[in-house]
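Visitor: Please work out how this folds:
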Amino acid sequence: MEILHTVTDAPVEAVLFDFDGTISTLRYGWEAVMRDMMLELLRVDGGDEAALARMVDDYIEESTGIQTIFQMKWLAARVRELAPEKGLPDDAWWYKDEYNRRLMRTVAERVEAVSRGACPREAYLIDGAEAFLAALRSRGVACYVASGTDDADVRREARALGVEGPMPSPSFTIMLSYSGRVRVHHFDLYRLGDAEEFYAAGLDEWFGGEDVCLVEWPEMAQADFAPCVRATLSRAQQGGDRRTITLETDGVCVDAAALERWRKRD
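Guide: Here you go, the predicted structure:
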């Protein structure tokens, strides 16, 4: 445990937790699943097994806590570098799907057993976590969770363990992705400490491709996101609940007719 600041008099208004390993043990063993998968996909005939294992072990240790997709970007890059002859996809999302498929076999069995009452939820709760959350809630302290696990999975697992109530907003993540006609990545950069964190996390690598990137608080990255459309939301001069959205284009061609139809929507 690292104590950053000692506060004696100020009231505690909010607490931010990690979920896996701090509240829940449903995903206990994820490191072994990821390790086996990485070794399997990076292993080549005649390779140095010991060196490969050290590289994978070191990376998993240093990357614990970040979003899984960034770990899979690392894996995709290492596959390109060390095992191109395998012809595996050059897509971090493919690796993430494969990792989740392997991991969720075990996690889903645990969640299902808890949900149907075959296993007590306490078996996968850190001892004292539920009482601690309840005590915080009784004092009006807001509880939040930051997790490298996908938001929907955190919510489902918190619900199964009966701790979703004390955490009305279960997870904050810098990046969430959505699949549809096009893949969309939503970045909330408000919690970045400085611009260096944006690049250290490899977030800049998601820009410039065919996917759509939506960025809140772009000034935190101090980056040039052009070509882009900038949207500024501000309170209308007349006050009340009305807002004004100002759109500025920078190197992007906008369909004027479509924009006008959107503008006229009630």
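Visitor: tally of neighbours for Glu260?
Guide: 9 (other CB atoms under 10 Å). Backbone N, C-alpha and C define where each C-beta goes, glycine included.
Visitor: what does Val56 give?
Guide: 19.
Visitor: does it count as helix, strand or coil?
Guide: With DSSP: H, G, I helix; E, B strand; the rest coil as the basis, Val56 sits in helix.
Visitor: Would you confirm that it contacts Glu40?
Guide: No - in this structure Val56 lies outside contact range of Glu40 using CB atoms under 8 Å: 10.4 Å.
Visitor: any idea of the mean pLDDT in the strand or helix carrying Ala108?
Guide: Taking DSSP states H and E as the criterion, Ala108 maps to helix 92-115. Helix 92-115 shows a mean pLDDT of 91.
Visitor: May I have it as CSV, with CA atoms only?
Guide: The C-alpha trace of helix 92-115 is given here as CSV (Å, rounded to 0.1, in the frame of the first residue of the first chain):
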residue,chain,number,x,y,z
ALA,A,92,-5.3,-6.2,-31.2
TRP,A,93,-9.1,-6.7,-30.9
TRP,A,94,-8.7,-10.3,-32.3
TYR,A,95,-6.2,-11.1,-29.6
LYS,A,96,-8.4,-9.5,-26.9
ASP,A,97,-11.4,-11.6,-28.1
GLU,A,98,-9.3,-14.7,-27.9
TYR,A,99,-8.0,-13.8,-24.5
ASN,A,100,-11.5,-13.1,-23.2
ARG,A,101,-12.8,-16.3,-24.7
ARG,A,102,-10.2,-18.3,-22.7
LEU,A,103,-10.5,-16.3,-19.5
MET,A,104,-14.3,-16.2,-19.5
ARG,A,105,-14.6,-19.9,-19.5
THR,A,106,-13.5,-19.9,-15.9
VAL,A,107,-15.0,-16.6,-14.9
ALA,A,108,-18.4,-17.4,-16.4
GLU,A,109,-18.5,-20.7,-14.4
ARG,A,110,-17.8,-18.8,-11.2
VAL,A,111,-20.4,-16.1,-11.9
GLU,A,112,-23.0,-18.7,-12.9
ALA,A,113,-22.3,-20.7,-9.7
VAL,A,114,-22.7,-17.6,-7.5
SER,A,115,-25.8,-16.4,-9.4
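Visitor: residues of the helix or strand just after it that come out buried?
Guide: Where DSSP H and E defines the elements, the next helix or strand beyond helix 92-115 is helix 129-138. Neighbour counts using 16 or more other CB atoms under 10 Å place 129-130, 132-133, 136 of helix 129-138 among the buried residues.
Visitor: Give me the local confidence score for Trp262.
Guide: 73.
Visitor: After the helix-or-strand element of the chain with minimal mean pLDDT, which helix or strand is next?
Guide: When each helix and strand of the chain is scored by mean pLDDT, DSSP states H and E, strand 169-172 comes last, with a mean of 47. Proceeding N to C from strand 169-172, the next assigned helix or strand is strand 175-178, under DSSP H and E.
Visitor: which other residues reach that next one?
Guide: Here strand 175-178 makes contact (CB atoms under 8 Å, 6 or more residues apart in numbering) with 67, 69, 93, 151, 183-188, 203, 206.
Visitor: For the helix or strand encompassing Ala257, which outside residues touch it?
Guide: Secondary structure assigned from DSSP H and E places Ala257 in helix 256-263. For helix 256-263, the external contacting residues (CB under 8 Å, 6+ apart) are Leu247.
Visitor: 10 Å instead?
Guide: Contact with helix 256-263 is made by 229, 245, 247, 249, 255, as judged by CB atoms under 10 Å, 6 or more residues apart in numbering.
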